[in-house]
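Participant: sequence and predicted structure, then a few things I'm wondering about:
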Amino acid sequence: MRKALKPAFVATIPVMTGYLVLGFGFGIVLQANGFDILLAAAMSLFIYAGSMQYVAIGLLTGGASLLTVALTTLMVNARHLFYGISMLEKYRDTGRCKPYLIFALTDETYSLVCQDELPVPPEGRKAYYFLVSLLNQCYWVIGSLLGAAVGTMVHFNSEGIDFALTALFVTVFVDQWLTAKDHHPALIGVGASVLCLLIFGSEQFLIPAMLIIALLLCLYKGGKNHA
């Protein structure tokens, strides 16, 4: 475990810078809507879904029904179904760590653990997966608590803070584009998303886009394996 700590920390430094800022923004927005620091801690510990936590603030303040909350959560986090499927082999022998690894598989964590070339030997991968997941959640929790704490002392207009989440997604995409040798999966993802956005609109495009991306990636991978 100790041998994997340094490479895991180094790998998560970019995520740390993003999560501290994003978590800070979440804490401020949550507090600005009348909720306290305890809810910020509970949501970041037990929900731990950046985009959904921002959306949840609107659901809480708007008095949404349980059905609305359930359907919205499914739509916002539908992409994690495909993350999980792609990690079946990597997480196969992770033992007691597996439930937490599944829970903590955020977009940014996935971008670090899905890579074929990791900065640890094969026998250290289980510890690396766990530490990357744990460190990233720690960054998010710390940022959320700091934001909620500062929000109780300093009052200002929080409009637009949640856009930082979109900025982090773009940063992760650009980083993967620069480091990956094969850009076809990224182009498939962008193309399918734009197409579904034009056809279904901004409120309904996510699930169709994920289904099309999954299908096209399976076909692409199958074609490469038979090449």
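Facilitator: Structure received. Residues are numbered from 1 along each chain as shown.
Participant: which helices and strands does the particular helix or strand that has L134 in it pack with?
Facilitator: For L134, the host element (DSSP states H and E) is helix 125-153. Other elements packing on helix 125-153 under the criterion 3 or more Cβ pairs under 8 Å, 6 or more residues apart in numbering; DSSP states H and E are helix 2-32, helix 37-46, helix 98-103, helix 107-113. (C-beta placed from N, C-alpha, C; glycine too.)
Participant: what comes up buried for it?
Facilitator: 125-137, 139-149, 151 (16 or more other Cβ atoms under 10 Å).
Participant: can you pull the buried residues of stretch 185-195?
Facilitator: So stretch 185-195, judged by 16+ other Cβ under 10 Å, has buried residues 188-189, 192-193.
Participant: mind showing which ranges of the chain have poor pLDDT?
Facilitator: 156-169, 172, 176, 222-227 (pLDDT under 70).
Participant: try it again with 50
Facilitator: Judged against pLDDT under 50, the chain has no low-scoring part.
Participant: burial count for the closest residue to F35 other than its chain neighbours?
Facilitator: Leaving aside its chain neighbours, F35 sits nearest to L60 (7.3 Å; criterion: Cβ to Cβ, 6 or more residues apart in numbering). With neighbours defined by other Cβ atoms under 10 Å, the count for L60 comes to 16.
Participant: my read: L60 touches G34, true?
Facilitator: No. Counting by Cβ atoms under 8 Å, L60 stays clear of G34, with 9.3 Å between them.
Participant: ok, how many other residues are close to P121?
Facilitator: Neighbour count of P121, defined by other Cβ under 10 Å: 10.
Participant: can you give me phi and psi for it?
Facilitator: phi -70, psi 160 (degrees, to the nearest 10).
Participant: could you pull up the contacting residues of it?
Facilitator: Residues near P121 by Cβ atoms under 8 Å, 6 or more residues apart in numbering: none.
Participant: and if you look at the one 3 residues further on?
Facilitator: Taking Cβ under 8 Å, 6+ apart as the contact definition, G124 lies against 3-4.
Participant: any idea how far it lies from P7?
Facilitator: Counting by Cβ to Cβ, to the nearest Å, the separation of G124 from P7 is 8 Å.
Participant: common neighbours of the two, please.
Facilitator: Common neighbours of G124 and P7 (Cβ under 8 Å, 6+ apart) do not exist.
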